[in-house]
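A.B. asks: below are the sequence and a predicted model for it; my questions follow.
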Amino acid sequence: MQDFGEAFGLALSLVASGDADLVEIVALSLRVSLSATGLALLIGLPIGALVAITRFTGRNAVLILFNALMGLPPVVVGLLVYLHLSRAGPLGFLGLLYTPTAMVIAQTILITPIVMALSRQVIEDLHAEYADQFRSLVLNRWQQVTALIWDARFSLLTVGLAGFGRAVAEVGAVMIVGGNIDHLTRVMTTAIALETSKGDLALALALGLVLMVIALGVNALVQSLRMTAVRHAYA
């Protein structure tokens, strides 16, 4: 086990020097998490908006399901995706297991419920203000959804950032479906777990520092966007 002070110094030098392995792992992490976030927004925003503006039998049950799915255990999602993508699974012929694509699929499944639930709340609150105006203009549902998503764009960006923060910090599902293969599917969280278990703290600490910077940056951006949204709403 390395001395902690020495390991921390080596970690800072790795970050400062732009170590090739470090850059590769961070780049893959961002690519996977940003791809999953984009897919989750494409799927979750329209569904959340439609539920927000529509009243139907069983709506309360759907809302309960949305909220329950926000707490999906990552390892369970990883296991389910593994079973579908393995050679014996229904999608095994695609050969996606232990690839970045499998990791994107797992992360998308994890964060789509977050996008649906949070965007539904944002858009439902906004729809309450515009409902009478929409009725007077005789807009159909998709026109209403488009208008609401555009008007709530600043608040919905925070929803996307919340999903990205959840994705980039996830370890269980991507470990199962990605396999933590060096130079192929090794991302920040899985590399931290591996390097810590090996007792090689320098790379683990360097990745931890980068992950913390990303997490703090996302939180700062969320707060900034929320303040922008408030100013926009009362401008």
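C.D. replies: Perfect, thanks for sending it. Numbers count the residues shown, from 1 in each chain.
A.B. asks: for this protein, what's the longest helix?
C.D. replies: If you go by DSSP state H, the chain has its longest helix at helix 100-137.
A.B. asks: what helices or strands is that one leaning on?
C.D. replies: The contact analysis (3 or more Cβ pairs under 8 Å, 6 or more residues apart in numbering; DSSP states H and E) places helix 100-137 against helix 20-53, helix 59-69, helix 74-85, helix 141-151, helix 153-168, helix 172-178. All C-beta atoms are positioned from the backbone trio N, CA, C, and that covers glycine.
A.B. asks: ok, which of these comes nearest Asn219?
C.D. replies: Nearest of these to Asn219, taken as Cβ to Cβ: helix 153-168 at 7.4 Å.
A.B. asks: now do the closest one: everything it contacts.
C.D. replies: 29-30, 32-34, 36-37, 40-41, 44-45, 107, 110-111, 114-115, 118-119, 122, 149, 188-189, 211, 214-215, 218-219, 221-222, 225-226, 228-229, 232 (Cβ atoms under 8 Å, 6 or more residues apart in numbering).
A.B. asks: and the longest helix of the chain with helix 74-85, angle?
C.D. replies: 100 degrees (axes from the mean of the first three to the mean of the last three Cα atoms, to 10 degrees).
A.B. asks: helix 100-137 vs helix 59-69, what angle?
C.D. replies: 150 degrees.
A.B. asks: now helix 100-137 against helix 153-168, angle please.
C.D. replies: 160 degrees.
A.B. asks: chain center to helix 100-137, what's the gap?
C.D. replies: Counting by Cα atoms, centre = their mean, to the nearest Å, helix 100-137 is centred 14 Å from the centre of its parent chain.
A.B. asks: do stretch 127-141 as well
C.D. replies: 31 Å.
A.B. asks: still on that earlier bit, adding distance to Ala193 and mean neighbour count, write the helices and strands packed on helix 100-137 out as JSON lines.
C.D. replies: Output for the helices and strands packed on helix 100-137, formatted as JSON lines (distance: least, Cβ to Cβ, whole Å; neighbours: other Cβ atoms under 10 Å):
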{"stretch": "helix 20-53", "distance to Ala193": "12", "mean neighbour count": "20"}
{"stretch": "helix 59-69", "distance to Ala193": "25", "mean neighbour count": "13"}
{"stretch": "helix 74-85", "distance to Ala193": "13", "mean neighbour count": "19"}
{"stretch": "helix 141-151", "distance to Ala193": "37", "mean neighbour count": "16"}
{"stretch": "helix 153-168", "distance to Ala193": "15", "mean neighbour count": "22"}
{"stretch": "helix 172-178", "distance to Ala193": "7", "mean neighbour count": "25"}
